[in-house]
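>>> show me how the following folds:
(2 chains)
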2 protein chains.
Amino acid sequence: MTSQDFGIRDGEVEVELPAKTDAGLYFIGRIRTPWKERRDCPKNARESDAVCTIELDPRWAAGLQDLATCSHIILLYWMDQSRRNLVLQVPAHYGVQRGTFALRSPARPNPIAMSVVKLLGIDGNKLSVVGLDCLDGTPLLDIKPYFASTDSVPEATVGWHRRKG
Amino acid sequence: MTSQDFGIRDGEVEVELPAKTDAGLYFIGRIRTPWKERRDCPKNARESDAVCTIELDPRWAAGLQDLATCSHIILLYWMDQSRRNLVLQVPAHYGVQRGTFALRSPARPNPIAMSVVKLLGIDGNKLSVVGLDCLDGTPLLDIKPYFASTDSVPEATVGWHRRKG
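Residues are numbered from 1 along each chain as shown, chains lettered A, B, ... in the order given. Modelled structure (predicted):
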């Protein structure tokens, strides 16, 4: 990966970051994927059916109890190579200026990514999942059960995206 | 709120936290809700149709561009009063021991909550939304567009929850 990948483009706007952070995160594991460089990653998670592995630190492994009964889970992970000071950005694959909070770009004040993945199985502290698009070695922040009752909104729309098509 | 609300119960298991955190978060705003104490909060977000307000810090307000075209958004926020060292816990309303990662409890190594909410409107740096259940003043971490294509899985099941009913 080169720094160029994360450089600023025409139409992008930075703000000054706060002088200090307000809370601290623990990396609780790592995500193992087939993608070693950013250009190899699928554009979004539905583009790939690659099986990826979540390696949870043994410290936390007891917390996996009952999780195998879930068909789908939510993963939160840390996009540790992303810029945090962009409020307007121009994603390469759209070529149009958008607000950071209207995008799923990793560049955001807190570069926490959220993915819904299919859980294939759990073996000790390792989970096999399908539905990721992140770099190999990405730090894991959280695992949650996916509840269709509160998390699934099939009729949801993203106007700027729909209009583009 | 009393410390008792967050005390340990029979069947709950703690681990030693890592000596230090690995990354830092910025609080980018606050969530305003009608609920001032934990006991007043709805058990889950579908229990309430209260309109809540997201107050984004002006520093980040330009990042809201294009967001108003979204019918639903994802909010990440920080459950700053939660224990971080529980791997097995016994939620009061279930009364059964479960693994932390099989629960949506705020008590987890990184107490980041994720809610899918309906976006009613945006006025300057304030967003009106429906679908939250958190305390008034909760720190905001991120706002993302909700894409049904990757985020909605209507057929997802949580076995331990279904069996209980």
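>>> from now on I want contacts and neighbour counts done on CA atoms only, so please keep to that.
Fine.
>>> what sits against the residue nearest to residue A:43 when sequence neighbours are not counted?
Nearest non-adjacent residue to residue A:43, counting by CA to CA, 6 or more residues apart in numbering or on different chains: residue A:133, 7.2 Å away. Residues counted as contacts of residue A:133 (CA atoms under 8 Å, 6 or more residues apart in numbering or on different chains) are A:33, A:41, A:42, A:43, A:44, A:45, A:48.
>>> shaky segments in chain A?
Residue ranges of chain A with pLDDT under 70: A:1-7, A:162-165.
>>> centroid residue for it?
With distances taken as CA atoms, centre = their mean, the residue of chain A nearest its centroid is residue A:113 (2.8 Å).
>>> what about that one, which helix or strand?
In the assignment (DSSP states H and E), residue A:113 maps to strand A:112-123.
>>> that strand: which residues count as buried?
A:112, A:113, A:114, A:115, A:116, A:117, A:118, A:119, A:120, A:121, A:122 (16 or more other CA atoms under 10 Å in any protein chain shown).
>>> what's the fourth one in contact with, if anything?
By CA under 8 Å, 6+ apart, the residues touching residue A:115 are A:74, A:75, A:76, A:131, A:132, B:150, B:151.
>>> from those residues, keep the buried residues only.
Of the contacts of residue A:115, these count as buried by 16+ other CA under 10 Å: A:74, A:75, A:76, A:131, A:132, B:151.
>>> tabulate those (a markdown table), appending distance to residue A:105 and secondary structure.
Below are those laid out as a markdown table (distance: CA to CA, whole Å; DSSP: H, G, I helix; E, B strand; the rest coil):
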| residue | distance to residue A:105 | secondary structure |
| --- | --- | --- |
| A:74 | 18 | strand |
| A:75 | 16 | strand |
| A:76 | 14 | strand |
| A:131 | 17 | coil |
| A:132 | 14 | coil |
| B:151 | 15 | helix |
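>>> need the residues you listed in CSV with distance to residue B:89, can you?
Below are the buried ones among the contacts of residue A:115 laid out as CSV (distance: CA to CA, whole Å):
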residue, distance to residue B:89
A:74, 19
A:75, 20
A:76, 20
A:131, 28
A:132, 28
B:151, 27
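>>> tell me the one of those residues nearest residue B:142?
Nearest to residue B:142 out of these is residue A:76 (CA to CA; 12.1 Å).
>>> right, and that closest one touches residue A:110 too?
No. Residue A:76 is beyond contact range of residue A:110, at 11.7 Å (criterion: CA atoms under 8 Å).
>>> hang on, the earlier thing: quick check: of the contacts of residue A:115, which lies closest to residue B:92?
Checking the contacts of residue A:115 against residue B:92 by CA to CA gives residue A:74 as the nearest, at 23.0 Å.
>>> mind checking how far that closest one is from residue A:10?
According to CA to CA, to the nearest Å, residue A:74 and residue A:10 sit 34 Å apart.
>>> circling back: beta partners of the residue nearest to the centre of chain A?
Going by DSSP bridges, residue A:113 is paired in beta bridges with residue A:77.
>>> how about the contacts made by it?
Counted by CA under 8 Å, 6+ apart, residue A:113 has contacts A:75, A:76, A:77, A:78, A:79, A:104, A:106.
>>> the fifth one and residue A:140: what is the separation?
Residue A:79 is 9 Å from residue A:140, where distance means CA to CA.
>>> okay, strands next: where are they in chain A?
A:13-14, A:23-25, A:29-32, A:51-56, A:72-78, A:86-89, A:98-99, A:112-123, A:126-130, A:138-145 (DSSP state E).
>>> how near is the residue with the largest distance to the centre of chain A to residue A:75?
Most distant from the centre of chain A: residue A:19, at 25.4 Å, with distances by CA atoms, centre = their mean. Separation of residue A:19 from residue A:75 (CA to CA): 29 Å.
>>> ditto for residue A:124
Taking CA to CA, one finds residue A:124 at 18 Å from residue A:75.
>>> likewise residue A:119?
Using CA to CA, we find residue A:119 at a distance of 11 Å from residue A:75.
>>> please apply the same query to residue A:141.
Counting by CA to CA, the gap from residue A:141 to residue A:75 is 8 Å.
>>> so residue A:74 touches residue A:117, yeah?
Yes. With contact defined as CA under 8 Å, residue A:74 reaches residue A:117; the gap is 6.4 Å.
>>> quick one on the thing from earlier: now the phi/psi pair for the residue farthest from the centre of chain A, please.
The phi/psi pair for residue A:19 (degrees, to the nearest 10) reads phi -70, psi -30.
>>> go on, the one 3 residues further on?
Recorded main-chain torsions at residue A:22 are phi -110, psi -20, according to degrees, to the nearest 10.
>>> got a list of what the spatially closest residue to it that is not a sequence neighbour touches?
Spatial nearest neighbour of residue A:22, excluding adjacent residues (CA to CA, 6+ apart): residue B:26 at 5.3 Å. For residue B:26, the contact set (CA under 8 Å, 6+ apart) comprises A:18, A:20, A:21, A:22, A:23, A:109, A:110, B:141.
>>> at 7 Å instead, please
Applying CA atoms under 7 Å, 6 or more residues apart in numbering or on different chains, we find residue B:26 in contact with A:21, A:22, A:23, A:109, A:110, B:141.
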